[in-house]
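Engineer: Below is the sequence, then the predicted model.
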Amino acid sequence: GDSVTQMEGPVTLSEEAFLTINCTYTATGYPSLFWYVQYPGEGLQLLLKATKADDKGSNKGFEATYRKETTSFHLEKGSVQVSDSAVYFCALRAGGYQKVTFGTGTKLQVIP
Amino acid sequence: NAGVTQTPKFRILKIGQSMTLQCTQDMNHNYMYWYRQDPGMGLKLIYYSVGAGITDKGEVPNGYNVSRSTTEDFPLRLELAAPSQTSVYFCASSYSSPRQGRNTGELFFGEGSRLTVL
C-alpha cells in the first residue's frame, strides 16, 4: 500500500539556519505530493504541493521538488525563523483515490 | 469563512460511554474525512465520505461510526469508549470536480478535538 516516510524529529535549529526535512514515499502510479504544517494547538494546513515529476512547490520561503527517480519530496528553507517552529507532515494522494496518506510528522524547533 | 468547525474541542469520557464528535464545513466540499492523531504516529484515516449518503472505512475504523446525511455535516460516533481511543481527532474536507475527475488535493482541517478516555 501507499506509505510516506519522514525523518525523525525533533529538529532543533538556530534562527537563519538552513532547513532540510527528508521525505520519501511508496505509491502506485503517479501520486500528488504535499507538505502540511501544524502550528501548536491548531489543525494542519497546506504548505505546498506538487502534482507531477520535477514540479517544485513553494510557499513562504519553503520549497520541495518532486523527484520520481528517488521517490522523494524533501522540504527545504534557506533561512528559518522562530515563527517556523511547528510540526511538518509529508503526504501523498495516489491516482484517483481521495484518501491522503500522511507521514508521522517532524517537529521543528527554531531557537533565537 | 468558518471553514471546517469541530466540536467539542476537549472531552473526557469514562470507559464504556458513548459520544459524538461534530464536524461541519461551509465550503460546499463533497469529500470529508476523519483522522486521529496519536503522538509519533502521524495521522490515521478513520472514515471518509465522497458525498452525502456515502461513507467508507479508512485504516482504523473499529469502534467508530459515521453518517453523512448532508453535504455540510459529518459526525463521528464513538460507541463504548476505550482508553485506546484517547487521541486528537481531526475532521477535514476537500473538493473534487466531477468534470476534471480529480480534486485539488488540498485538505482543509478543523482545529481538532482532544478526547481522553479514563
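Structural biologist: Received the coordinates, thanks. Predicted, not measured: the structure shown is a model, and the values here were computed from it. Residues are numbered from 1 along each chain as shown, chains lettered A, B, ... in the order given.
Engineer: Going by C-alpha atoms from here, please, whenever you check contacts or count neighbours.
Structural biologist: Fine.
Engineer: Which part of chain B gets nearest to chain A, residue-wise?
Structural biologist: Nearest to chain A in chain B, going by CA to the nearest CA, is B:Gly42, at a distance of 3.6 Å.
Engineer: give me the number of residues near that residue?
Structural biologist: B:Gly42 is flanked by 17 other residues according to other CA atoms under 10 Å in any protein chain shown.
Engineer: mind listing what residue 66 touches?
Structural biologist: Using chain A here. Contacts of A:Tyr66 were listed using CA atoms under 8 Å, 6 or more residues apart in numbering or on different chains, and they are A:33, A:50-56, A:72-73.
Engineer: switch to chain B, that's the one I care about
Structural biologist: By CA under 8 Å, 6+ apart, B:Val66 lies in contact with B:47, B:55, B:74-77.
Engineer: again, 10 Å this time
Structural biologist: B:20-21, B:33-34, B:46-49, B:54-57, B:74-78 (CA atoms under 10 Å, 6 or more residues apart in numbering or on different chains).
Engineer: Filter the residues you listed down to the buried ones.
Structural biologist: Burial of the contacts of B:Val66 was assessed by neighbour count (16 or more other CA atoms under 10 Å in any protein chain shown); the buried members are B:21, B:33-34, B:46-49, B:55, B:57, B:74-78.
Engineer: Go ahead and confirm B:Leu115 touches B:Gln85.
Structural biologist: Yes - using CA atoms under 10 Å, B:Leu115 is in contact with B:Gln85, at 7.6 Å.
Engineer: For chain A, what lies in contact range of chain B?
Structural biologist: A:8-9, A:32-34, A:36, A:38, A:41-51, A:89-107 (CA under 10 Å from any CA of the partner chain).
Engineer: Just the buried ones from those?
Structural biologist: Burial by neighbour count, 16+ other CA under 10 Å: within the residues of chain A next to chain B this picks out A:9, A:32-34, A:36, A:38, A:43-51, A:89-94, A:98-107.
Engineer: ok now stretch B:79-90, how far from the chain's centre?
Structural biologist: For stretch B:79-90, the distance between its averaged C-alpha position and the chain's averaged C-alpha position is 12 Å (CA atoms, centre = their mean, to the nearest Å).
Engineer: and chain B, which residues reach chain A?
Structural biologist: Taking CA under 10 Å from any CA as the criterion, the contact residues of chain B with chain A come out as B:4, B:31-33, B:37-45, B:47-50, B:58, B:89-92, B:94-96, B:101-113.
Engineer: Please pull out the lowest mean pLDDT helix or strand from chain A.
Structural biologist: Per-element confidence for chain A was summarised using mean pLDDT, DSSP states H and E. The lowest value among helices and strands belongs to strand A:100-102, with a mean of 89.
Engineer: Name the strands paired with it and say parallel or antiparallel.
Structural biologist: The strands that strand A:100-102 pairs with in its sheet are strand A:86-93 (antiparallel) (by DSSP bridges).
Engineer: How about the contacts made by the residue of chain B closest to chain A?
Structural biologist: For B:Gly42, counting by CA under 10 Å, 6+ apart, the contacting residues are A:89-90, A:101-106, B:35-36.
Engineer: Can you convert those into JSON lines and add a column each for distance to A:Glu63?
Structural biologist: Below are these laid out as JSON lines (distance: CA to CA, whole Å):
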{"residue": "A:Phe89", "distance to A:Glu63": "14"}
{"residue": "A:Cys90", "distance to A:Glu63": "13"}
{"residue": "A:Thr101", "distance to A:Glu63": "20"}
{"residue": "A:Phe102", "distance to A:Glu63": "18"}
{"residue": "A:Gly103", "distance to A:Glu63": "18"}
{"residue": "A:Thr104", "distance to A:Glu63": "20"}
{"residue": "A:Gly105", "distance to A:Glu63": "17"}
{"residue": "A:Thr106", "distance to A:Glu63": "16"}
{"residue": "B:Tyr35", "distance to A:Glu63": "26"}
{"residue": "B:Arg36", "distance to A:Glu63": "27"}
